[in-house]
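Participant: My questions concern the predicted model and sequence given below.
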Amino acid sequence: MKLKSIREVKHLTGKKVLLRVAYDVPLEEKGKSWIVVDDRRIAETLPTIKYLLKKRCRIVIVSWLGRPGGKVIEKYRLDPVAKKLSELLKKPVKKLNDCIGPKIFAEIQALKPGEIIMLENVRFYSAEEENSKMFAGLLAYGFDLIVFDAFAQAHRVHASTTGITKFLPTYAGFLVEKEINSLNQIIKKPKRPLVAIIGGAKISDKVAVLEELVKMADKILIGGGVANIFLKAIGVSVGHSYLQDNFIDQAKRKKVNFVKLARKIYQRHKNKIVLPTDFISANKMDQGALVEMVDAKQNQKINPRFMFLDIGPGTIARYLTEIKKAKTIFWNGPMGVFEINKFAFGTKKIAEAVARSQSVSVLGGGDTESVVKKYNLEGKFSYVSTGGGASLEFLAGRELPALKNIQKAR
Ligand code: 3PG
């Protein structure tokens, strides 16, 4: 895939640029405000921003943060992100409290060469996830071009990802180029066995992509919330376990029955898909919870009021054997609720095993990065993508919808 690059824009100097980034970063409450706890997604866009600044462009930054669901939710405002960007750039970044409308338009018109504005979270409008043409047009209004550097959000069909690219010439930023080149290198001819480890809470995204991933992987080890849906699909009782996430891509996919889909995938690829067979279950998601081990191989059943919150020792041992054999590993998503120490053991063991492995290891996803940070495993993997769902879809061979209009004609 060859993308149109900002390097190729003629007469870029002084242009009004809508810069689409993926600043969906983890925040933490500190006193009365919020701070950015991991700035990697911001730092990785600095080469693009610095390039645009060198060209004296007027830069307007747009992103979403979290899943506010079409409402203004204070903790999802982008102010701490603008503050962090300003610190990293050592330059003022003016944060506006909306992303469309006459006031915003006037601010954009008044921008001087080399100045930066950050718009408010686009997901404060439901029109964003609905991929409204009108909303996309308003976002793109008044700019000369779009620079798309939001690799981590390129798998969504939203107004600010695919929608805006229909209104203006769009070029890839340096982060998008780097991600595509690096991931392409890895999937071109992966060394085998290729083992994918898939967990986490974004169940619908992961199950949907497994249909393709299973064709290229030799083994897929499943954990976290994703495991619950497969277990339900094959008739293992899961009690109160987490099963349904927010279906976020209204425009992209029709409502799918993910239990049915998981059953279909499992039945076709039983030889490749490895499900947990023992579990740590608990009555609540809390360090002080009552805990019970459940071994499905011993015909034990979960207490119907409990939920699965981590994989058990038998499953860990099985997964470590597969990881040891692997020559290429894709890892996306934790095996349990690793944020609570009582349910973190499975994830920790898997993370350490991937870090130890001599394979080509590719990681993606905000939670996976948090695991790496929590256990001080930074620098022990071949490549860590800034995208979770996006890197997984790309590795599985899917076209990322937001990159479609940036491709060069062949
Ligand atoms: C991410 O953090 O992976 C992206 O921002 C996508 O977020 P979403 O799953 O809420 O669309």
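Facilitator: Everything's here; your move.
Participant: how about the nearest residue to the residue of the stretch 1-150 of the chain found nearest the ligand, chain neighbours excluded?
Facilitator: Per C-beta to the nearest ligand atom, Asp24 is where the stretch 1-150 of the chain lies closest to the ligand, at 3.3 Å. From N, CA and C alone the C-beta is placed, and that goes for glycine too. Nearest residue to Asp24, sequence neighbours excluded (C-beta to C-beta, 6 or more residues apart in numbering): Leu65, at 5.2 Å.
Participant: Which of the three states applies to the one you found?
Facilitator: coil (DSSP: H, G, I helix; E, B strand; the rest coil).
Participant: who touches it in this structure?
Facilitator: 23-25, 27, 76-78, 81, 121, 123 (C-beta atoms under 8 Å, 6 or more residues apart in numbering).
Participant: C-alpha coordinates for the host helix or strand of Val354, PDB please?
Facilitator: Here Val354 sits within helix 345-356, counting by DSSP states H and E. What follows is helix 345-356, C-alpha atoms only, in PDB (Å, rounded to 0.1, in the frame of the first residue of the first chain):
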ATOM      1  CA  PHE A 345      -1.100 -13.000  37.500                       C
ATOM      2  CA  GLY A 346      -2.100 -14.500  34.200                       C
ATOM      3  CA  THR A 347      -1.400 -11.300  32.200                       C
ATOM      4  CA  LYS A 348       1.900 -10.800  34.000                       C
ATOM      5  CA  LYS A 349       3.100 -14.300  33.200                       C
ATOM      6  CA  ILE A 350       2.100 -14.000  29.600                       C
ATOM      7  CA  ALA A 351       3.800 -10.600  29.300                       C
ATOM      8  CA  GLU A 352       7.000 -11.900  30.800                       C
ATOM      9  CA  ALA A 353       7.000 -14.900  28.500                       C
ATOM     10  CA  VAL A 354       6.500 -12.800  25.400                       C
ATOM     11  CA  ALA A 355       9.300 -10.400  26.600                       C
ATOM     12  CA  ARG A 356      11.600 -13.400  27.100                       C
END
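Participant: who's in contact with that helix?
Facilitator: Residues from elsewhere that reach helix 345-356, judged by C-beta under 8 Å, 6+ apart: 197, 199, 221, 223, 280, 310-312, 315-316, 319-320, 323-324, 329, 331, 334-336, 338, 361, 363, 371-372, 375, 377, 380-381.
Participant: for the residue of the stretch 1-150 of the chain closest to the ligand, helix, strand, or coil?
Facilitator: When classified by three-state DSSP, Asp24 comes out as coil.
Participant: List the contacts of it.
Facilitator: 41, 63-66, 152-153, 366.
Participant: Can you pull the domain assignment for the chain?
Facilitator: For the chain, automatic domain parsing gives the domain ranges 6-177, 189-395.
Participant: would TSV of those domains with mean pLDDT be doable?
Facilitator: TSV is the format used below for the domains of the chain (pLDDT from 0 to 100):
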stretch	mean pLDDT
domain 6-177	97
domain 189-395	95
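Participant: closest to Ile406 out of those domains?
Facilitator: Ranking these by proximity to Ile406 (C-beta to C-beta) places domain 6-177 first, at 5.2 Å.
Participant: Span of that closest one from start to end?
Facilitator: 10 Å (C-alpha to C-alpha, to the nearest Å).
Participant: And stretch 94-101, by the same measure?
Facilitator: End to end - C-alpha to C-alpha - stretch 94-101 spans 17 Å.
Participant: ok, now stretch 60-75?
Facilitator: Distance between the two ends of stretch 60-75: 22 Å, counting by C-alpha to C-alpha.
Participant: What of stretch 352-365?
Facilitator: Stretch 352-365 has an end-to-end distance of 17 Å (C-alpha to C-alpha).
Participant: would you turn the domains of the chain into JSON lines with distance to Ala409?
Facilitator: Formatted as JSON lines, these follow (distance: least, C-beta to C-beta, whole Å):
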{"stretch": "domain 6-177", "distance to Ala409": "13"}
{"stretch": "domain 189-395", "distance to Ala409": "21"}
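Participant: out of those domains, which comes closest to Pro401?
Facilitator: Of all those, domain 6-177 sits nearest to Pro401, with 5.0 Å by C-beta to C-beta.
Participant: For the residue in the stretch 301-410 of the chain that the ligand sits nearest to, the count of nearby residues, please.
Facilitator: Nearest residue of the stretch 301-410 of the chain to the ligand: Gly388, at 4.0 Å (C-beta to the nearest ligand atom). By the criterion of other C-beta atoms under 10 Å, Gly388 has 24 neighbours.
Participant: what do you get for the one 3 residues further on?
Facilitator: Neighbour count for Ser391, taken as other C-beta under 10 Å: 29.
Participant: Break down the stretch 251-400 of the chain into its strands, ranges please.
Facilitator: 273-274, 278-282, 291-295, 307-311, 328-332, 360-363, 383-384 (DSSP state E, counting those that start in this stretch).
Participant: Can you turn the buried part of the contacts of helix 345-356 into a PyMOL selection?
Facilitator: Filtering the contacts of helix 345-356 down to the buried ones (16 or more other C-beta atoms under 10 Å) takes a single PyMOL command:
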select buried, resi 197+199+221+223+280+310+311+312+315+316+319+320+323+329+331+334+335+336+338+361+363+371+372+375+377+380+381
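Participant: so who does the nearest residue in space to Thr161 that is not next to it in sequence touch?
Facilitator: Counting by C-beta to C-beta, 6+ apart, Thr161 lies nearest to Ala402, which is 4.0 Å off, once chain neighbours are set aside. Residues near Ala402 by C-beta under 8 Å, 6+ apart: 148, 150, 153-157, 161-162, 165.
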